[in-house]
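# Make a model of this:
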Amino acid sequence: MPVPALLNDPVLGLGLTAFALLLLVLPLAFWSLSGGRNSGLVRLLVAAANLCLTAQLVLRWWESGHFPISNLYESLCFLAWGCTLTQLLVERSWPSPLVPAAATPMALGCVAFASFALPDRLQEASPLVPALRSSWLVMHVSVIMLSYAALLVGSLLSLAVLFTDRHNTLELRSSSIGSGGYRQAQLATAMEGAGNASPPLQLSSVAMPIAEQLDSLSYRTITVGFLLLSVGLVSGAVWANEAWGSWWSWDPKETWALICWLVYAAYLHTRLIRGWQGRKPALVAAAGLVVIVVCYIGVNLLGIGLHSYGWFFES
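Numbers count the residues shown, from 1 in each chain. As a prediction, the model looks like this:
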């Protein structure tokens with residue numbers, strides 16, 4: 001893209017600045033991971049990228065006069081903003097070099113795709129199509145995008161579980177094992193109490209391994225994302241009834257959003273009810289990662305359905 005064009009469009013310039021910052025974060029994050037130490041510089045650069053994306057979205061909102069999430073470029077930048085914000089919040093809960101190493105590629109990929117892969121006409125602000133001229137735009141689309149951000153970061157953390165301590169058996173002992181794990185612990189307590197000669201159950205603090213900490217973080221992040229996705233689907237049904245006179249039309253985007261909801265519902269079910277141990281829940285979360293990509297990017301690339309407002313192969 002020519003330099004004069006960037007100077008005339010500060011929105012695109014801020015997007016490229018965020019891309020440059022995240023591109024710098026990526027090798028630093030893996031370098032910190034290889035050294036096994038946290039890096040304040042990495043968090044600072046991620047925070048700076050988040051501020052650039054915030055300024056970009058606010059400026060686009062001011063220029064266009066509507067919430068900046070009406071086309072693929074704006075929604076990708078919003079998704080990158082949500083991913084960096086989620087990453088910073090997760091790092092605040094558990095400062096570890098694994099978090100930026102796992103989560104930064106997603107935000108970087110969103111900004112790179114928006115800045116370099118999309119045609120210029122899709123990067124420009126345009127008037128809202130009639131279906132989007134509703135007060136539900138901010139409520140529904142922003143909640144859906146934030147849910148995607150949380151689910152993507154949580155799934156990437158689950159994916160990191162699969163590659164962490166691969167030679168050791170992962171036994172979940174945190175509060176994320178759910179009622180299934182609780183029943184197992186209750187059964188063990190009952191068995192100890194059944195024999196009079198057996199000593200009473202002794203409780204002691206145990207240091208959580210890295211894989212278990214990652215699993216707990218991914219579980220909590222995916223739970224938040226799942227709740228946001230549920231709210232987004234309900235608000236979308238209400239909006240669809242207002243706009244098209246139907247609560248649900250089995251549009252491709254709606255269908256894939258439902259599949260996404262079912263995949264993560266299955267993930268939470270395996271954790272809360274069955275109390276799955278090991279890395280099986282991480283595989284379900286990794287499958288959810290693929291479903292989100294198809295739901296969000298795939299439908300727009302094909303340009304089909306009622307939810308495609310500016311797709312890649314438009315003539």
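
# Only alpha carbons, please: show stretch 255-269 as PDB.
The C-alpha trace of stretch 255-269 is given here as PDB (Å, rounded to 0.1, in the frame of the first residue of the first chain):
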ATOM      1  CA  THR A 255     -26.100 -22.800  11.300                       C
ATOM      2  CA  TRP A 256     -22.300 -22.600  11.800                       C
ATOM      3  CA  ALA A 257     -22.800 -20.400  14.900                       C
ATOM      4  CA  LEU A 258     -25.100 -23.100  16.300                       C
ATOM      5  CA  ILE A 259     -22.500 -25.800  15.500                       C
ATOM      6  CA  CYS A 260     -19.900 -23.700  17.300                       C
ATOM      7  CA  TRP A 261     -22.200 -23.400  20.300                       C
ATOM      8  CA  LEU A 262     -22.800 -27.200  20.300                       C
ATOM      9  CA  VAL A 263     -19.100 -27.900  20.200                       C
ATOM     10  CA  TYR A 264     -18.300 -25.700  23.200                       C
ATOM     11  CA  ALA A 265     -21.300 -27.000  25.000                       C
ATOM     12  CA  ALA A 266     -19.900 -30.500  24.500                       C
ATOM     13  CA  TYR A 267     -16.500 -29.300  25.900                       C
ATOM     14  CA  LEU A 268     -18.200 -27.900  29.000                       C
ATOM     15  CA  HIS A 269     -20.300 -31.000  29.300                       C
END
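
# how about the strands of the stretch 151-300 of the chain, start to end?
When secondary structure is read from DSSP state E, counting those that start in this stretch, the stretch 151-300 of the chain shows no strands.

# Okay, now the unreliable bits of the chain?
Within the chain, the stretches with pLDDT under 70 are 1-8, 129-132, 165-209, 243-244, 274-278, 298-315.

# can you give me the helices for it?
3-8, 10-35, 40-64, 72-93, 98-112, 120-123, 136, 142-162, 178-194, 210-244, 252-269, 280-293, 299-302 (DSSP state H).

# mind giving me CSV with those helices and columns for mean neighbour count?
Placement of C-beta: from N, CA and C, glycine included. Converted to CSV, the helices of the chain look like this (neighbours: other C-beta atoms under 10 Å):
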stretch, mean neighbour count
helix 3-8, 10
helix 10-35, 19
helix 40-64, 19
helix 72-93, 23
helix 98-112, 24
helix 120-123, 15
helix 136, 16
helix 142-162, 25
helix 178-194, 13
helix 210-244, 20
helix 252-269, 19
helix 280-293, 20
helix 299-302, 18
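
# Next up, the contacts around Tyr73.
Residues near Tyr73 by C-beta atoms under 8 Å, 6 or more residues apart in numbering: 114, 118, 122-123.

# Any figure for the gap between the closest residue to Ser142 other than its chain neighbours and Gly232?
Nearest residue to Ser142 in three dimensions, chain neighbours excluded: Ile69, at 6.3 Å (C-beta to C-beta, 6 or more residues apart in numbering). According to C-beta to C-beta, to the nearest Å, Ile69 and Gly232 sit 12 Å apart.

# Surely Leu108 and Leu24 touch.
No: assessed by C-beta atoms under 8 Å, Leu108 is found out of contact with Leu24, at 10.0 Å.

# ok, now which ones touch Cys110?
Contacts for Cys110 (C-beta under 8 Å, 6+ apart) come out as 76-77, 79-80, 83.

# likewise Val153?
Residues counted as contacts of Val153 (C-beta under 8 Å, 6+ apart) are 83, 86-87, 90, 103, 106, 221.

# cool, and Ala240?
For Ala240, the contacting residues are 246-249, 254, by C-beta under 8 Å, 6+ apart.

# Present the residues you listed as TSV; the columns should include distance to Phe30.
As requested, these are exported to TSV (distance: C-beta to C-beta, whole Å):
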residue	distance to Phe30
Ser246	48
Trp247	46
Trp248	43
Ser249	44
Glu254	38
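
# End to end on stretch 271-283, go ahead and measure it.
Start-to-end span of stretch 271-283 (C-alpha to C-alpha, to the nearest Å) is 12 Å.

# Fine by me, thanks again.
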